[in-house]
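> no letters, just coordinates:
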């Protein structure tokens, strides 16, 4: 199984409707909010440091995750709208999405926040180094190390980071 991480911009993929239906069946509304906010232009992940990624397996969209400016903490970014299809969970897809976004964030900020919606999500974010921090509307916070200017480090990063156009 090959997992391809792609940057989503300009338009949402048609397959996002399938993700939204699955999320809604599980009681989650955040994918529907992503679609609604995108369609009216409220959030297109186009501000400084923001990014929306899709995870694809065999050209099928199986997961999504984004990062936006955190309005509560100056200079911070916030993980948002993460969802992986139930049948695809436990295969590292959410981790790949998160790591690609964190790698991207290092060029823009030193703090990333997230609001973990349940205990499973909290465990997931904590496995990535996020620490519980229940202030300012988020549940967890991660302090990042900025990328080194060392070209060798940059080359190494390219080798170990999932593909993200």
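All right, it came through fine. All of these numbers come straight from a predicted model, not from anything done at the bench.

> rest of the way, CA atoms for contacts and neighbours
Fine.

> what ranges does the protein have for its helices?
Taking DSSP state H as the test, the helices found in the chain are 16-25, 30-39, 93-105, 119-127, 151-160.

> low-confidence ranges in this protein?
The model of the chain has pLDDT under 70 over residues 146-165.

> state which strand of it is the longest.
Longest strand of the chain, by residue count under DSSP state E: strand 60-69.

> what angle sits between that one and helix 93-105?
40 degrees (axes from the mean of the first three to the mean of the last three CA atoms, to 10 degrees).

> show me what counts as buried in strand 60-69.
Across strand 60-69, burial judged by 16 or more other CA atoms under 10 Å covers 61-69.

> adding distance to residue 134, write those out as CSV.
Formatted as CSV, the buried residues of strand 60-69 follow (distance: CA to CA, whole Å):
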residue, distance to residue 134
61, 32
62, 30
63, 26
64, 24
65, 21
66, 20
67, 19
68, 18
69, 18
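
> closest one to residue 79 out of those, please.
residue 67 (4.4 Å; CA to CA).

> what sits closest to that closest one if chain neighbours are left out?
residue 79 (4.4 Å; CA to CA, 6 or more residues apart in numbering).

> surely that neighbour and residue 117 touch.
No: here residue 79 does not reach residue 117: they are 12.0 Å apart, not a contact under CA atoms under 8 Å.

> which of these two has more residues huddled nearby?
residue 79 (25 against 11; other CA atoms under 10 Å).

> and that one, what does it touch?
65-68, 112-115 (CA atoms under 8 Å, 6 or more residues apart in numbering).

> same deal with residue 37?
Contacts of residue 37 (CA under 8 Å, 6+ apart): 43-44.

> run the last query once more with 10 Å
Neighbour list for residue 37: 31, 43-44 [criterion: CA atoms under 10 Å, 6 or more residues apart in numbering].

> residue 42 now?
Taking CA under 10 Å, 6+ apart, we find residue 42 in contact with 34, 36.

> distance of it from residue 144?
Per CA to CA, to the nearest Å, residue 42 is found 27 Å from residue 144.

> residue 90 too?
Counting by CA to CA, the separation of residue 90 from residue 144 is 25 Å.
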